[in-house]
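Undergrad: Got a sequence here, can you model it:
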Amino acid sequence: MLLASGALLMFRPHPLRAPSSKASHFIAGSLSGLLSGMFGTGGPPVMMHLYRQPLAFDVVRTTLLAILGLMPVSRL
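TA: The predicted structure is shown next:
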């Protein structure tokens, strides 16, 4: 999973024209939670999902820092 998401990020995915649906956010979050619980690596699904959204880079970076900072805290 880590190698695949790293390879996909090398190609610099283009943002979508419109924000994704709530179902897409739910699927990315669920997959992230599943991978976080099984392997401790829940970041790649969320990262790929956020980079595809039509958001400013600063917003994506801040959101990722918050999510990836809270993931370990939620496992306590």
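
Undergrad: Please name the nearest non-neighbouring residue to the residue nearest the centre of the chain.
TA: Among the residues of the chain, the one closest to the centroid is V46, at 1.2 Å (C-alpha atoms, centre = their mean). Spatially, and ignoring its direct neighbours in sequence, V46 is nearest to S32 (4.7 Å; C-beta to C-beta, 6 or more residues apart in numbering). Bear in mind the C-beta positions are built from the backbone N, C-alpha and C, glycine included.

Undergrad: List of residues touching whichever strand or helix holds the one you found?
TA: Under the criterion of DSSP states H and E, S32 resides in helix 22-39. For helix 22-39, contacts defined as C-beta atoms under 8 Å, 6 or more residues apart in numbering pick out M1, T41, G42, G43, P44, P45, V46, M48, H49, M71, R75.

Undergrad: and these, which are buried?
TA: G42, G43, P44, P45, V46, M48, H49, M71 (16 or more other C-beta atoms under 10 Å).

Undergrad: where does the protein dip in pLDDT?
TA: Applying pLDDT under 70 to the chain flags the ranges 1-2, 5-6, 8-9, 12-13.

Undergrad: In it, mark out all the helices, start to finish.
TA: Assigned by DSSP state H, the chain shows helices spanning 2-10, 22-39, 43-51, 57-74.

Undergrad: thinking again about what came up before, got the buried residues for the helix holding S32?
TA: For helix 22-39, a neighbour-count test (16+ other C-beta under 10 Å) marks A28, L31, S32, L35, S36 as buried.

Undergrad: What distance do you get for R17 to P72?
TA: Distance, R17 to P72, by C-beta to C-beta, to the nearest Å: 34 Å.

Undergrad: So between these two, which is more surrounded?
TA: Neighbours per residue (other C-beta atoms under 10 Å) separate R17 from P72, with P72 holding more: 11 against 6.

Undergrad: what's the nearest residue to L68 if we skip its chain neighbours?
TA: Residue nearest to L68 in three dimensions, not counting chain neighbours: G43, with 5.4 Å by C-beta to C-beta, 6+ apart.
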